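Q: What follows is a predicted protein model with its sequence.
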Amino acid sequence: MGTMSKGLRPGLYAITDSVLTPPETLIESVEAALRGGAVIVQYREKHAPMAVRLAQANDLQAVCRNAGVPLLINDDPDLAKRVGAAGVHMGQTDGSLAAARALLGEEAIIGITCHADLALARTGLEAGADYLAFGRFYTSSTKPGAPAAAPSVLTEAKSFGRPLTAIGGVTAENAEPLIRAGADMLAVVGGLFGGTADEIELRAKAFERLFASHHPLFSIPE
């Protein structure tokens, strides 16, 4: 497993989605995921106007700060800086990791998408990424065009010594092999969000139980 640092912990990585977490249920849904044990939250919103994104990110930052959980912003270092988020997640086509680091500082958490490619991971590592995200591992509605990844890429990537995130169609039913292969965090959208707050909390707790059973560094905070 990767070495965890900067407030990162093994566990569920909750990612918002404009369909499954629309504005009217966004905060309630994320609060439910946090009650269920999510250890990190990513605000992912590609299409809303800037004013809406700023307001939502500010609200989420307050919720995450209260829970003691880092909030990352998808692909937008400027927005992360404006709301005081813990950091940013960068895709391969979303600008320079080095520029994001220069803007957000050394303490910021910056993750990078590596698909199924160890060379991309190595490049991200050299640029100073704090965690490496691999996937999709299963069929994914949010990343249907992403190349498929095998769990073995997680095992191979452990040598990089950074936290590893698995994404893409992950549910509580199919997650165990990914944790066993080396995933420190499981990034989940559809397998977590949608439905009532109680349902979201229960799904999050199911992931928490998986980490408690299968990840050597997992512990539930006091």
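A: Arrived safely, thanks for sending. All values derive from a computational prediction rather than experimental measurement.
Q: List of residues touching stretch 96-108?
A: For stretch 96-108, the surrounding residues in contact (CB atoms under 8 Å, 6 or more residues apart in numbering) are 6, 77-78, 80-81, 86-88, 90, 110, 112, 124, 127-129. Backbone N, C-alpha and C define where each C-beta goes, glycine included.
Q: Point out where the protein drops to low pLDDT.
A: 1-3, 142-143, 222 (pLDDT under 70).
Q: longest strand in it, by residue count?
A: Across the chain, the strand with the greatest residue count (assigned by DSSP state E) is strand 109-115.
Q: strands paired with it, and their directions?
A: If you go by DSSP bridges, strand 109-115 pairs up with strand 87-90 (parallel), strand 131-134 (parallel).
Q: can you put those in TSV and add distance to Gly191?
A: Below are those laid out as TSV (distance: least, CB to CB, whole Å):
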stretch	distance to Gly191
strand 87-90	18
strand 131-134	16
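Q: All the helices of this structure, residue numbers only.
A: In the chain, helices defined by DSSP state H lie at 26-35, 50-67, 77-83, 97-104, 118-126, 152-157, 176-181, 197-214, listed in chain order.
Q: buried sites along the last one?
A: Think helix 197-214. Ala197, Ile200, Glu201, Arg203, Ala204, Lys205, Ala206, Phe207, Glu208, Leu210, Phe211, His214 (16 or more other CB atoms under 10 Å).
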